[in-house]
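A.B. asks: what's the 3D shape of this:
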Amino acid sequence: MKLIIQIPCFNEAQTLTIALSALPREVPGFDVVEWLVIDDGSKDDTVRVARENGVDHIIRHTCNQGLARGFMTGLDACLRLGADVIVNTDADNQYNADDIPALTAPIVERRADIVIGARPIETIEHFSPVKKALQKLGSWVVRVASKTDIPDAPSGFRAMSRAAAQRLMVFNDYTYTLETIIQAGQKNMAITSVPIRVNEDLRPSRLVKSIPSYIKRSIVTIIRIFIIYRPFRFFGTIGAVLFSAGFLIGLWFLARYLEGEGDGHIQALILAAVLLVTGFQCFLVAFLADLLAANRKLMEDVRFRLKSMGEPDTSLDKVIEHYPHKEMK
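C.D. replies: You can find the predicted model right below:
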């Protein structure tokens, strides 16, 4: 059994040494433990620091493509390298690496396909009240959309089996955390969470450049999640609200008309007609979006079968830098 711990990095030279020094080389249930760094177009000495600290494999983006793309590049590389289980962690040493055995245990014991590390959000001092509230909101949205019970959906500290990694596909460029859980729930993967510890904050979050920006991006991400993974519910709900409003206004106008007061309320009739037509169009969009979602699921299944049965694509291996592990002094 091979475990690969992957770390997406973007200009992480200052904190990467601390994060790597905490990673284990032996984890119960695995014969081999390797480290992989995804350099997402760093302009500093991230790659040099990774080499000097015993990283086994480095894969590089020529320019910054974002956390979600870095995560997916890492999964593809780990699969090419023969990983049976993949652990994803951060380069800022946010997560306590001593909890990796607890993270991988449910997969080794075949009780789960994906395991999410649940942070003690309420006790993390450097999380602002707004960020804590958005973390809870994001987790609630994921629970609704995925029908899972993950308390800390935005957590990037997670482990997944080889089969689970082969089936994941991220559409969002901002972050992978919420979307991958929803996919796991829709694909009936066994997903669970375990409590984990966090370390002292070493640098400000790259995803939270400012509270207004974080709120805006979070809202957009949540809306996109519902549109992509629950399109019928999303558009159907909007259609039902508009159609119901138009129907009630229409009934109100009809009552006034029967009482001989219709001439003074013609605007209500126009508004009712507009709402009814718009609501009906939303229902049509809901059905079309649902058909597109069904087609996307079929394409994802085809992709999974091709990756499982076909010959591996070795094009990625050409850009993976391999460094045989040496015991660190």
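A.B. asks: all contacts plus neighbour counts: C-alpha atoms, from now on.
C.D. replies: Fine.
A.B. asks: what average pLDDT does the longest helix seen in the chain get?
C.D. replies: Identified as the longest helix of the chain according to DSSP state H is helix 266-309. If you average the pLDDT over helix 266-309, you get 84.
A.B. asks: that helix: what's the following helix or strand?
C.D. replies: Per DSSP states H and E, the first helix or strand lying C-terminal to helix 266-309 is strand 320-322.
A.B. asks: show me what counts as buried in that following strand.
C.D. replies: residue 320 (16 or more other C-alpha atoms under 10 Å).
A.B. asks: by contact count, what packs against that strand?
C.D. replies: Where contact means 3 or more C-alpha pairs under 8 Å, 6 or more residues apart in numbering; DSSP states H and E, strand 320-322 is packed against strand 57-61.
A.B. asks: how far away from the center of its chain is the helix or strand just after the strand it packs on?
C.D. replies: Next in sequence after strand 57-61, counting helices and strands by DSSP H and E, comes helix 67-80. Using C-alpha atoms, centre = their mean, to the nearest Å, the distance from the centre of helix 67-80 to the centre of the chain it belongs to is 13 Å.
A.B. asks: identify the residues contacting residue 43.
C.D. replies: Applying C-alpha atoms under 8 Å, 6 or more residues apart in numbering, we find residue 43 in contact with residue 11.
A.B. asks: roughly how far does it sit from residue 115?
C.D. replies: Using C-alpha to C-alpha, to the nearest Å, we find residue 43 at a distance of 32 Å from residue 115.
A.B. asks: same check, this time on residue 93
C.D. replies: As for residue 93, its distance to residue 115 is 19 Å (criterion: C-alpha to C-alpha).
A.B. asks: stretch 34-53: how far from the chain's middle?
C.D. replies: Per C-alpha atoms, centre = their mean, the displacement of stretch 34-53 from the mean C-alpha position of its chain is 23 Å.
A.B. asks: check stretch 74-81 too.
C.D. replies: Computed by C-alpha atoms, centre = their mean, the chain-centroid distance of stretch 74-81 equals 17 Å.
A.B. asks: again with stretch 85-98
C.D. replies: On the basis of C-alpha atoms, centre = their mean, stretch 85-98 sits 16 Å off its chain's mean C-alpha point.
A.B. asks: how about that stretch: buried residues?
C.D. replies: Buried residues in stretch 85-98, counted by 16+ other C-alpha under 10 Å: 85-97.
A.B. asks: which other helices and strands contact the longest helix of the chain?
C.D. replies: Applying 3+ C-alpha pairs under 8 Å, 6+ apart, one finds that helix 266-309 contacts helix 162-167, helix 231-258.
A.B. asks: near the closest residue to residue 122 other than its chain neighbours, how many other residues are there?
C.D. replies: Spatial nearest neighbour of residue 122, excluding adjacent residues (C-alpha to C-alpha, 6 or more residues apart in numbering): residue 132 at 7.2 Å. Each residue near residue 132 was counted by other C-alpha atoms under 10 Å, and the total is 15.
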